[in-house]
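>>> Structure of the sequence below:
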Amino acid sequence: MEKNIKRPSFKIIFTSLLFLSVIFFSNDAKAATITTYVNAQKINFASNPINENGRTLVEFKPIFKALGLDIEWYSASKTIVGKNANVKIQLTLGSKIAYVNGNKVTLEVAPKVINGRTFIPLRFVSDSTNSEILYHASVDEIDIYSRNYTGEKRTPSKSNKALRGTKWSMTPAEVKKIETATFIESAVAGNVKALYYSVGKYGYSTQLVYYFEDEKLIMAVYDFLNGKEAFFTWSEKTYIHDLLHKAATHEFGKGSFYSDDYVYLSTLWNTDSSSIMLSVKDDGIYSSVKLMFTPYY
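Just a heads-up that it's a prediction; the model follows:
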């Protein structure tokens, strides 16, 4: 059960917070669509590649064809064969044993059928064909270059990831389709719209607000006070900042700390797509405790 931010005199236990922060960070992860390119050409899969135990699996037919492999299928033994003048690859559904030019290879993930489509480990295919494979995790893209490719390499897309599976410039309708937290309400003021959700963050109950300008996502804010009014002394603000900072560091790494030693404390992190600021400060006669996300270009 999530907690509410209270005065530090209540002595919230550090270890409980850090344990819960790992849980909520893991739950924030969303299944991503992985785009695969072979020799700078996009591969159109009928079913999206999947990640299983850190290994990417893809439909075998499109990837074999893109790498110039002729395909053979033996239904009796459930064996897949891909071959050309240089290599012969043999895999069997449900088996971690494969063969490359007759040599036995042990797979970390066995080929399998998912929704009528046969998936095989992508790394095994690239290694077996002596292809170069490049992972661009920040934009969920993979590039494979065959051994005889002499053309220019593709420039990966620029990341536009926001948070919780959303992307910057998404519309309110698109964010609603992705966000699984409890919806509270929406608000509109001119060309600015906000969507309010109730969600856990670092073990606390928070109000998550997505802000849109001209129907494009421009900011997202976790409000640890859930929109309620509260005032904290400087020592209390310091305590709260340090508490949340330790949890946020597990998620974003080392950030840059700023403070005027009187009104505000903040830490800033920059990723390849977002600027994230933890802010604990006085807003007028009240205090605010927020984790804010904006695009980083």
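>>> what ranges do the strands span in the stretch 151-297 of the chain?
Taking DSSP state E, counting those that start in this stretch as the criterion, the stretch 151-297 of the chain carries its strands at 182-189, 192-201, 204-213, 216-223, 256-259, 264-270, 274-283, 286-295.
>>> could you dump these to JSON lines with distance to G68?
(C-beta placed from N, C-alpha, C; glycine too.) Output for those, formatted as JSON lines (distance: least, Cβ to Cβ, whole Å):
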{"stretch": "strand 182-189", "distance to G68": "49"}
{"stretch": "strand 192-201", "distance to G68": "48"}
{"stretch": "strand 204-213", "distance to G68": "45"}
{"stretch": "strand 216-223", "distance to G68": "41"}
{"stretch": "strand 256-259", "distance to G68": "49"}
{"stretch": "strand 264-270", "distance to G68": "42"}
{"stretch": "strand 274-283", "distance to G68": "39"}
{"stretch": "strand 286-295", "distance to G68": "40"}
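>>> Please tell me I have it right and D70 contacts N86.
No. With contact defined as Cβ atoms under 8 Å, D70 and N86 do not form a contacting pair (11.9 Å).
>>> and the strands of the stretch 151-297 of the chain as TSV, adding distance to R164, mean neighbour count and mean pLDDT?
Formatted as TSV, these follow (distance: least, Cβ to Cβ, whole Å; neighbours: other Cβ atoms under 10 Å; pLDDT from 0 to 100):
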stretch	distance to R164	mean neighbour count	mean pLDDT
strand 182-189	13	11	97
strand 192-201	8	18	97
strand 204-213	8	20	97
strand 216-223	8	20	98
strand 256-259	24	12	94
strand 264-270	16	18	95
strand 274-283	12	19	95
strand 286-295	10	20	96
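>>> right, so of those, which gets closest to G102?
Nearest of the strands of the stretch 151-297 of the chain to G102, taken as Cβ to Cβ: strand 274-283 at 49.2 Å.
>>> List the neighbours of that closest one that are in contact with it.
Residues from elsewhere that reach strand 274-283 (Cβ atoms under 8 Å, 6 or more residues apart in numbering): 161-163, 168, 231-232, 237, 240-241, 244-245, 248, 252, 255, 263-270, 287-296.
>>> again, but for stretch 84-95
When contacts are defined by Cβ under 8 Å, 6+ apart, stretch 84-95 is touched by residues 60, 68-70, 77-83, 98-102, 107, 110-113, 118, 120, 124-125, 128-130, 147.
>>> Repeat that for stretch 210-226.
4-5, 162-163, 166-172, 175, 179, 191-195, 197-199, 201, 204-209, 244, 287-295.
>>> Run the chain-centre distance for that stretch.
18 Å (Cα atoms, centre = their mean, to the nearest Å).
>>> how about Y258, what does it touch?
Counting by Cβ under 8 Å, 6+ apart, Y258 touches Y264, L265, S266, T267, L268.
>>> partners of it in the sheet?
Following DSSP bridges, Y258 is listed with bridge partners S266.
>>> Of the contacts of stretch 84-95, keep whichever come out buried.
Among these, the ones that count as buried by 16 or more other Cβ atoms under 10 Å are 60, 68-69, 79-83, 98-100, 107, 110-111, 118, 120, 124-125, 128-129.
>>> Can you tell me the SS state at the residue located most distally from the centre of the chain?
Here the chain reaches farthest from its C-alpha mean at A76, the gap being 39.9 Å by Cα atoms, centre = their mean. Per DSSP: H, G, I helix; E, B strand; the rest coil, the secondary structure class of A76 is coil.
>>> Please report phi then psi for it.
phi -60, psi -40 (degrees, to the nearest 10).
>>> ok, so what distance separates F231 from I285?
As judged by Cβ to Cβ, to the nearest Å, F231 and I285 stand 7 Å apart.
>>> When these two are compared, which one has more neighbours?
Comparing F231 with I285 by other Cβ atoms under 10 Å, the one with more neighbours is F231, at 12 against 7.
>>> residues in contact with that one?
D282, I285, Y286, S287.
>>> Kindly format the C-alpha coordinates of stretch 212-221 as PDB.
The C-alpha trace of stretch 212-221 is given here as PDB (Å, rounded to 0.1, in the frame of the first residue of the first chain):
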ATOM      1  CA  PHE A 212      -0.600  19.000 -23.400                       C
ATOM      2  CA  GLU A 213      -0.300  22.100 -25.500                       C
ATOM      3  CA  ASP A 214      -2.100  22.100 -28.900                       C
ATOM      4  CA  GLU A 215      -2.800  18.400 -28.300                       C
ATOM      5  CA  LYS A 216       0.800  17.400 -27.900                       C
ATOM      6  CA  LEU A 217       2.400  16.100 -24.700                       C
ATOM      7  CA  ILE A 218       4.800  18.700 -23.300                       C
ATOM      8  CA  MET A 219       5.200  17.800 -19.600                       C
ATOM      9  CA  ALA A 220       4.400  15.200 -17.000                       C
ATOM     10  CA  VAL A 221       4.500  15.800 -13.200                       C
END
